[in-house]
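A.B. asks: structure, please.
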Amino acid sequence: AAIMSGRYAIRSGNGTIPLSGGVYGLVQWEVTMAEMLADAGYDTGMFGKWHLGHTEGRFPKDQGFDEWYGIPNSSDETPWEVLDGYAESGVEGTYIFESKKGSPPKKVKAYNLKQRALIDKDLTDKAIDFMKRQTKAKKPFFLFVPYTQTHYPAIPHPDFAGKTGNGRFADVLAQVDAYNGMLLDAIDDLGIRDNTLFIFTADNGPESIPVGSSTPSVEYFIPGSAGPWRGSLFTGFEGSLRVPFAARWPGKIKAGSVSDEIVHEMDLFPTFARIVGGKVPKDRVIDGVDQTDFLLGKQEQSNREGLIVYMGNAVWGVKWRNWKVNLKEQQNILSETLNYGMPRIYNLLKDPGETQNVIFPETWVPKAALGQLGAHVVSLRKEPPIKPGTKDPYTPPKK
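C.D. replies: You can find the predicted model right below:
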């Protein structure tokens, strides 16, 4: 929701996803990155995981994409078929869909454990085909490929199974790397290398559920590693927040350049808009900031100093420069949430593992860091978030 709208997920009612199903996702009032780029003259294609609505009016074809192949929800639905009691539950299984703008999505095949291993190769092939067709037609394009890996269950394609010798998660990482290489090679072969901005990033760190926990398919669960960073997905630690961000644009982005500055995926919306001459909505709060000059090396510093750390719809802390202010903490998705009356302060340069609380003597840090949280809270009062499950048509309240 954040990457598509340039807004914190809480604003669009997508901080959480209901386990019971029903209506969820982006209302039509939201302007997506795909809609902005389409208005700027780009053909748009998406191949991968959506998870922003699985009912009519909420699919990718309703949110600016000309064509889509992929899954509407999450890959954690694929083990259902082998779990005790599921066959008698009456719950419908999940499917891989295909659709084009103006037409309802069609079920292509069941998304089961077999297809779990195969789907990302299919996404890669279809993404390359899309680029070939667009290049042949001499049309500018926006291609969005949200791969399903490395999400649970981490089951590699047969071509990569066992290849690394370091287990399934390592095999899956090698697979993701190889598929991105195929996309880059296709861009080069099509002769559009110098005129194509290619970005690889992610929206969270690795998953980590304790072995021996209540997860029913532990044999399919392979925890990942965030290296020196503490935590994982479903925590507010750096292991959840820090992800790779690599960009290639020959002649525009200096090859081999590296930065540790803060960039949020929400920043892509206004950045892309400036690059293509698109329009950023002015009738709502946009949390993303234009990072064009930073991306192109015209300035050394990012236009963002920090961000609000959310877990669902709850604020867990803030990040500011090299400092972290944690208001709540959780070791993993199954552990107890610890709420602090006094925030915990970490210096991420000296303590990347967030182990040494330095609230004393660094009591100045909250005064500097929490200002962005105050401004954020004020903005939510002025423009109340859309409630989860809101149906279309949605009309924002008058200010």
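
A.B. asks: low-scoring stretches of the stretch 151-300 of the chain, by residue?
C.D. replies: 209-222 (pLDDT under 70).

A.B. asks: quick one: the helices in it?
C.D. replies: Using DSSP state H, counting those that start in this stretch, the helices of the stretch 151-300 of the chain run over residues 168-189, 238-241, 268-276, 292-295.

A.B. asks: return the distance of the longest one from the chain's centre.
C.D. replies: Read that as helix 168-189. The chain centroid and the centroid of helix 168-189 are separated by 18 Å under Cα atoms, centre = their mean, to the nearest Å.

A.B. asks: touching it from outside, list them.
C.D. replies: 120-121, 123-124, 127-128, 131-132, 145, 147, 149-150, 154-157, 159-164, 193, 196, 198, 200, 206, 222-224, 248 (Cβ atoms under 8 Å, 6 or more residues apart in numbering). (C-beta placed from N, C-alpha, C; glycine too.)

A.B. asks: show me which of those residues are buried.
C.D. replies: 120-121, 123-124, 127-128, 131, 145, 147, 149-150, 154-157, 160, 164, 193, 196, 198, 200, 206, 222, 224 (16 or more other Cβ atoms under 10 Å).

A.B. asks: what about these, which are in strands?
C.D. replies: Judged by DSSP state E, the buried ones among the contacts of helix 168-189 include 198, 200 as members of strands.

A.B. asks: measure W80 to S89 for me?
C.D. replies: 9 Å (Cβ to Cβ, to the nearest Å).

A.B. asks: go on, F272?
C.D. replies: 43 Å.

A.B. asks: check G191 too.
C.D. replies: With Cβ to Cβ as the criterion, G191 and S89 are 52 Å apart.

A.B. asks: can you check G353 too?
C.D. replies: Taken as Cβ to Cβ, the span from G353 to S89 is 42 Å.

A.B. asks: who has more neighbours, the two?
C.D. replies: Per other Cβ atoms under 10 Å, whichever of G353 and S89 has more neighbours is G353, with 16 against 9.

A.B. asks: so who does the more buried one touch?
C.D. replies: 228-230.

A.B. asks: what subset of the residues you listed is buried?
C.D. replies: Buried among these by 16+ other Cβ under 10 Å: 229-230.

A.B. asks: what is the nearest of the contacts of G353 to R242?
C.D. replies: The shortest approach to R242 among the contacts of G353 belongs to W229, at 5.6 Å (Cβ to Cβ).

A.B. asks: so that closest one touches G236, yeah?
C.D. replies: No: look at W229 against G236 with Cβ atoms under 8 Å: they stay out of range, at 11.9 Å.

A.B. asks: show me where this structure has its strands.
C.D. replies: Under DSSP E, the chain gives strands at 43-49, 67-71, 95-100, 106-110, 141-144, 198-201, 245-248, 306-311, 314-320, 323-329, 338-347.

A.B. asks: what would these look like in JSON lines with distance to I3?
C.D. replies: Shown next, in JSON lines, are the strands of the chain (distance: least, Cβ to Cβ, whole Å):
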{"stretch": "strand 43-49", "distance to I3": "12"}
{"stretch": "strand 67-71", "distance to I3": "15"}
{"stretch": "strand 95-100", "distance to I3": "20"}
{"stretch": "strand 106-110", "distance to I3": "25"}
{"stretch": "strand 141-144", "distance to I3": "9"}
{"stretch": "strand 198-201", "distance to I3": "9"}
{"stretch": "strand 245-248", "distance to I3": "12"}
{"stretch": "strand 306-311", "distance to I3": "14"}
{"stretch": "strand 314-320", "distance to I3": "18"}
{"stretch": "strand 323-329", "distance to I3": "22"}
{"stretch": "strand 338-347", "distance to I3": "26"}
